[in-house]
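Participant: What follows is a predicted protein model with its sequence.
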Amino acid sequence: MATTPSLQFAAFSSALDQGFWHTLTRKKLEEFCLSDEPRTVHASYSNGDQQGLPCRLSIGFNAFDGDASIPQRAALAPGVLVLKNTIDEFKSADKKKLIESSGKQIWDDIQSGAVFENPSLLSRFFLLTFADLKKYHYYYWFAFPALALEDKAFDTTAPKKLADVYNPEQISSLQSSFDLLVSADKGQQCSFFVVRPGAETTLEADFLSTWESATVDGCLTVGLSDPCTLEQNPGWPMRNLLALAVAKWSGVVTKLRVVCFRDRTREGKRESTHSIVVDVTLKAVDTEASDCPKVVGWEKNDRGKLGPRVVNLSASMDPVRLAESAVDLNLKLMRWRLLPQLDLEKISSTRCLLLGSGTLGCNVARGLLAWGVRCITFVDNGKVSYSNPVRQTLFNFEDCIDGGKPKASAAADALKRIFPGVETRGISLSIPMPGHTVSAGDDEARVREDVATLERLVDEHDVVFLLMDTRESRWLPTVLAASKGKLVMNAALGFDTFVVLRHGFRGAKPAPSGDCAGLAGAAAASNTAEALSGRLIAGGSLGCYFCNDVVAPGDSTRDRTLDQQCTVTRPGVSMMASALAVELMVSVLQHPDGGHAAADSSANDQHLSVELTSPLGLVPHQIRGFLSRFNTILPPSLAFSKCTGCSPIIIQRYEAEGFSFLLNAFNSPTFLEDATGLTQMHAETLESEVWEISDSEEF
């Protein structure tokens, strides 16, 4: 057998999460104090890294946890941390003694046989640190102890690809068997394992402790989770595996095959064929009387020389800044594989105005926060009552005491406590409404001021959520948003029903590109016939909350009993509607056409097979839910030319006449119907019915 004495191993490269330093800081201040006793920590490494990544040993925020929690399918690496109190102690520490002590532990575990019960002991590491907590400068030096054996102890062949040694059936069976091993004991047993023939032509991964029964005629095959991605080099863990082989198997095993098992997923497909196989010939060596071999393994610094590293986290160690990076983790992970085209910056920069801070407002705010929205403004004129906290998730009992805190400011304060990095405020404001008359004098001055405040708020935000209790309270924001070209998301509740819809968008339209241009053009050409047949309706042609009504909004609170004054719904309805309102907004933002995105419909099954334009899927106009039947539908509707909320005549008159137009709408019950032509339409309809009756009746 041709020998390759110059087999090179890829050294570990440390990868420390920022959360680790935050945990270390807290423990230093609260637990360790002046003690520099060794501390048990744990790290992990993966055999599933993509091509080109270094041989990483990762240590995270939970490194001090006693249960050694590591990522799924990762291999455990136990370690020891020593935190020095001064930079001088850090510099003067006896590095040779420290690594020799760590290596001696590995050698003792080999001699005692402890590594057979816990193979991860072969991957021990040592971490020397010093934390300058005034400047948040952290000095550290990793040692990955490797027992350096003499060349005379074994010979190796050049590495071969796994696919050149085993057939696809054997590789597949090894993958399945390895999966069982991974789940056996928190990553300890998958670090190093035995590979034995299974039924027929399959391979099985088994515990390292079964090596004797797996040895046949002096031949043994073992495997290791290999963190290396290089084609001709095994990873660092193989060094101590060879030390184990020489120390415990020499004389029993002569032919050792090492499978450096690599198991990655690329483009949704699992593959292990890039793993490598190294054949080793063990020579007879007297290991009983031998001392611990030479130990190597101090990590090189960024300059490629043996020396410590330093990290400056002064800009990120503030808990608020740490929270900012942590809360977006789920969103960032979406872009790794599931949604590479997800534009998180567009979501986070969207300024949201929530009109209503009750059940819907609280839940919508939580959903926005989870999607990374950083600017949320609450508007409400109510106070927190004792019935609110169980349904309105941003409030608690203390908010109800002494008459209750203002809902808007209490919601903003709660959101700030959840995530200090959010930009939020609460504004107590009564929204003027049609049917609620305004008297001259002080009352008119107050309403004028309220209108000006609402106009300013709509100007300052990108998306307006209408989450109020009454129909008429949604009218003024609908008019303002249509005039100013803002995206409006509307959510309304019944006892066991809900509707979530986006208003037709009057804002600037982004220039379509690529395949989206054809879709946008087709949607823009939609007409009433196409809408009725289930075809797409352009976003600018969609109706608003009032477009399906033929009467103007009026005072809906007059002469109402208690159950009619309160929003009485099944508790889960508000959470469903709130979540869908947020998800609909995000889907609109991610569509190439933004608010002008054509409305998908459930009128037929075409949406089940059509190629989706938005990365998040369908972008409907409305979502109507029926909880009694656990059913939702997605009906689109065109804007109504005589709509009292968004028709051209209403918007034009508001822009031309300003507050005087609004004041007429507040004070006169028929003003909006007269202005839009609904009064004339009603009269014509009545006249038509009279003629029809006259023609069919006999006198």
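Facilitator: Okay, I see it.

Participant: quick check: mean pLDDT across stretch 13-29?
Facilitator: Stretch 13-29 shows a mean pLDDT of 90 in the predicted model.

Participant: For the stretch 501-650 of the chain, which segments count as helices?
Facilitator: Here the stretch 501-650 of the chain has its helices, by DSSP state H, counting those that start in this stretch, at 515-524, 528-532, 562-565, 571-590, 648-657.

Participant: number of nearby residues for residue 365?
Facilitator: 30 (other C-beta atoms under 10 Å). To be clear about C-beta, it is placed using only N, CA and C from the backbone, and glycine gets the same treatment.

Participant: I'd say it and residue 358 touch.
Facilitator: No: applying C-beta atoms under 8 Å, one finds residue 365 not in contact with residue 358, separated by 11.1 Å.

Participant: What are the boundaries of the strands in the stretch 501-650 of the chain?
Facilitator: With DSSP state E, counting those that start in this stretch as the criterion, the stretch 501-650 of the chain has strands at 622-626, 631-633.

Participant: Among those, which comes closest to residue 304?
Facilitator: Among the strands of the stretch 501-650 of the chain, the nearest to residue 304 by C-beta to C-beta is strand 622-626 (57.7 Å).

Participant: Which strands and helices lie in contact with the closest one?
Facilitator: Here strand 622-626 touches strand 497-502, helix 571-590, strand 631-633, going by 3 or more C-beta pairs under 8 Å, 6 or more residues apart in numbering; DSSP states H and E.

Participant: Can you tell me which of the ones you listed is nearest to residue 413?
Facilitator: helix 571-590 (19.6 Å).

Participant: Report the distance from stretch 257-272 to the chain centre.
Facilitator: 26 Å (C-alpha atoms, centre = their mean, to the nearest Å).

Participant: winner for burial among the strands of the stretch 501-650 of the chain?
Facilitator: strand 622-626 (a mean of 19; mean count of other C-beta atoms under 10 Å).

Participant: picking that back up, now render the strands of the stretch 501-650 of the chain as JSON lines, adding mean pLDDT.
Facilitator: JSON lines is the format used below for those (pLDDT from 0 to 100):
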{"stretch": "strand 622-626", "mean pLDDT": "94"}
{"stretch": "strand 631-633", "mean pLDDT": "91"}
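
Participant: could you dump those to TSV with distance to residue 259?
Facilitator: Listed next are the strands of the stretch 501-650 of the chain as TSV, based on distance: least, C-beta to C-beta, whole Å:
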stretch	distance to residue 259
strand 622-626	53
strand 631-633	51
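
Participant: on that earlier part again, winner for burial among the helices and strands packed on strand 622-626?
Facilitator: strand 497-502 (a mean of 23).

Participant: what helices or strands is it leaning on?
Facilitator: Judged by 3+ C-beta pairs under 8 Å, 6+ apart, the packing partners of strand 497-502 are strand 487-493, helix 571-590, strand 622-626.

Participant: Neighbouring strands of that strand in the sheet, and parallel or not?
Facilitator: Neighbouring strands of strand 497-502 in its sheet, by DSSP bridges, are strand 487-493 (antiparallel), strand 622-626 (antiparallel).

Participant: what's the average pLDDT for the first one?
Facilitator: In this case it means strand 487-493. pLDDT averaged over strand 487-493 gives 95.

Participant: tell me the secondary structure for residue 77?
Facilitator: strand (DSSP: H, G, I helix; E, B strand; the rest coil).

Participant: Can you name the residues that contact the spatially closest residue to it that is not a sequence neighbour?
Facilitator: Leaving aside its sequence neighbours, residue 77 sits nearest to residue 123 (C-beta to C-beta, 6 or more residues apart in numbering; 4.1 Å). Taking C-beta atoms under 8 Å, 6 or more residues apart in numbering, we find residue 123 in contact with 45, 75, 76, 77, 78, 191, 237, 240.

Participant: how much space between the fourth one and residue 8?
Facilitator: Right, the one you point to is residue 77. 21 Å (C-beta to C-beta, to the nearest Å).

Participant: ok, these two, which is more surrounded?
Facilitator: Applying other C-beta under 10 Å to residue 77 and residue 8 shows that residue 77 carries more neighbours, namely 27 against 10.
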